[in-house]
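Asks: Next one to model:
(one chain, ligands or ions: 1)
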Amino acid sequence: MKPYLFCPVCGEKLDRAIIDGRGRNVCLACSWVHYINPLPVAIAVAVNRNDELLLVRRAHAPAFNEWSLPGGFVETGETAEEGCLRELMEETSLEGTIDSLIGIYHREVEPYGSLLVLAYRVVVADDAIAVNHELFEAGFYPEHLIPEVRIPLHWEIIRDAALYDLVQ
Ligand SMILES: [Zn+2]
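Replies: Sure, this is the predicted structure:
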């Protein structure tokens, strides 16, 4: 993540200072401090009635053309659960319901910086998929047919979801 050079409040050049034990960019003119916090991401481990897992093939960076779980950034004003279901709906037109929290994860990903990732098990009743521009394809897969998921975090989440007897 690129650091700010100028204060977004008053436009003065930022200085560097130790605040609350960390080096941070600070505006000496108006006292604005650039606290950098992780961005929240919600990811769906979505299954249909046959316990088949929804995987999507990404049509954008990062991880272009890789198989992954659907998900995205939580927006201001929505809960992580709402963000999870909204992203699922936007990407695949699938309506899901939250079943349980699988886990909370931390990753450093350029260009975003720290990510706080919340992964939910989601149940989908009607599994008719229509993908949007963010994806090449999406489908529900039984254990013996799942495509190779090479994004380490997504594989970790699938394993933690304990849908399948996965080893890696
Ligand atoms: Zn300022």
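
Asks: Against which helices or strands is the lengthiest helix in the chain packed?
Replies: In the chain, with assignment by DSSP state H, the single longest helix is helix 80-92. With contacts defined as 3 or more Cβ pairs under 8 Å, 6 or more residues apart in numbering; DSSP states H and E, helix 80-92 has these neighbours: strand 39-47, strand 53-58, strand 71-73, strand 96-109, strand 113-124, strand 135-141. For every residue, glycine as well, the C-beta is placed using N, CA and C.

Asks: Not counting its own residues, what contacts the second one?
Replies: I take that to be strand 53-58. 44-48, 64-70, 91-92, 94, 124, 127, 129, 131, 134-143, 146-147, 149, 158, 163-164 (Cβ atoms under 8 Å, 6 or more residues apart in numbering).

Asks: Kindly report the same for the fourth one.
Replies: Around strand 96-109, the neighbours that count as contacts under Cβ under 8 Å, 6+ apart are 38, 44-46, 62, 81, 84-85, 88-89, 114-125, 153, 156-157, 160-161.

Asks: Please tell me how far V123 sits from E137.
Replies: Remark: distance between V123 and E137 (Cβ to Cβ, to the nearest Å) = 22 Å.

Asks: what angle separates the longest helix of the chain from strand 96-109?
Replies: 90 degrees (axes from the mean of the first three to the mean of the last three Cα atoms, to 10 degrees).

Asks: what's the domain layout of the protein?
Replies: Domain assignment for the chain, taken from automatic domain parsing, gives 1-36, 39-161.

Asks: highest average neighbour count across those domains?
Replies: Among the domains of the chain, domain 39-161 has the highest mean neighbour count (mean count of other Cβ atoms under 10 Å), at a mean of 17.

Asks: Quick check: residues of the protein near the ion?
Replies: 7, 9-10, 12, 27, 29-30, 32 (Cβ under 5 Å from the ion).

Asks: and those residues as CSV, adding pLDDT and secondary structure?
Replies: Shown next, in CSV, are those (pLDDT from 0 to 100; DSSP: H, G, I helix; E, B strand; the rest coil):
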residue, pLDDT, secondary structure
C7, 97, coil
V9, 97, coil
C10, 98, coil
E12, 97, coil
C27, 97, coil
A29, 97, coil
C30, 98, coil
W32, 97, coil
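
Asks: The most centrally placed residue in the chain - nearest residue in space that isn't next to it in sequence?
Replies: Closest residue to the average C-alpha location of the chain: V41 at 3.5 Å, with Cα atoms, centre = their mean. Nearest-residue entry for V41: V117, 4.7 Å, with adjacent residues in sequence omitted and distances by Cβ to Cβ, 6 or more residues apart in numbering.
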